[in-house]
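Student: only geometry, no sequence info:
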């Protein structure tokens, strides 16, 4: 039993190591290649790119384009938001900008001014090529050889977003 508890503590410590909290004023570009739980409580101006969960705290003011997996907004954001998995706007949120996400939750009281595009759960060859930054022919080749999760409908290939993200995260790209 003690061995299991130790493993749980180790796992909890690893998760805690990947939490970044910003309580200051910053400007520039903030980008994370590995999943991290990022929370901004201060003022940020520039560009944000994260994997994992990005939380804009209720005291935060952000002027930035945001690109992340899961985004939770409780403060003020001026800029476009792309949330690859989901976007949640808490009651204290004020967002001025366009959003793109497959899942959206705007809690009563939140203010949103902009346009919303709900991302398809499936990507086309062109969308996937742009996402992976490789050419269309390479995507078709990977799909034809069964090296990438794909579904063929007639003459067209479709790629389920969640399976592609798992595939990409596994390091089998290319």
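Tutor: That came through, no problem. Because the structure is a prediction, the values reported are computed rather than measured.

Student: residue 139 against residue 157, yeah?
Tutor: Yes - between residue 139 and residue 157 there is a contact at 7.4 Å, judged by Cβ atoms under 8 Å. Placement of C-beta: from N, CA and C, glycine included.

Student: shared neighbours of these two, anything?
Tutor: Among the neighbours of residue 139, those also in contact with residue 157 (Cβ atoms under 8 Å, 6 or more residues apart in numbering) are residue 125.

Student: now the element after the lowest-mean-pLDDT helix or strand in the chain, going C-ward?
Tutor: The weakest-scoring helix or strand in the chain, judged by mean pLDDT, DSSP states H and E, is helix 2-17 (a mean of 44). The first helix or strand that comes after helix 2-17 along the chain, using DSSP states H and E, is strand 19-22.

Student: got a list of contacts for whichever strand in the chain runs longest?
Tutor: The single longest strand within the chain, with elements called by DSSP state E, is strand 25-40. Strand 25-40 is contacted from outside by 18-22, 42-57, 60, 62, 69, 75, using Cβ under 8 Å, 6+ apart.

Student: tell me the gap between that strand and the middle of its chain.
Tutor: Computed by Cα atoms, centre = their mean, to the nearest Å, the chain-centroid distance of strand 25-40 equals 12 Å.

Student: how many degrees apart are the helix or strand following it and strand 25-40 in direction?
Tutor: Along the chain past strand 25-40, the next helix or strand (assigned with DSSP H and E) turns out to be strand 43-56. Orientation note: strand 43-56 sits at an angle of 0 degrees relative to strand 25-40 (axes from the mean of the first three to the mean of the last three Cα atoms, to 10 degrees).

Student: so how far is strand 43-56 from its chain's centroid?
Tutor: Averaging C-alpha positions (Cα atoms, centre = their mean) puts strand 43-56 10 Å from its chain's average.

Student: by contact count, what packs against the helix or strand following it?
Tutor: Elements were assigned by DSSP H and E; along the chain past strand 43-56, the next helix or strand is strand 61-73. The contact analysis (3 or more Cβ pairs under 8 Å, 6 or more residues apart in numbering; DSSP states H and E) places strand 61-73 against strand 43-56, strand 76-78, strand 81-89.

Student: so which elements touch the longest one?
Tutor: Strand 43-56 is packed against strand 25-40, strand 61-73, with contacts defined by 3+ Cβ pairs under 8 Å, 6+ apart.

Student: buried deepest among those strands, which one?
Tutor: Each of the helices and strands packed on strand 43-56 was given a mean neighbour count from mean count of other Cβ atoms under 10 Å, and the largest, a mean of 21, is that of strand 61-73.

Student: secondary structure element for residue 163?
Tutor: In this assignment (DSSP H and E), residue 163 forms part of helix 161-169.
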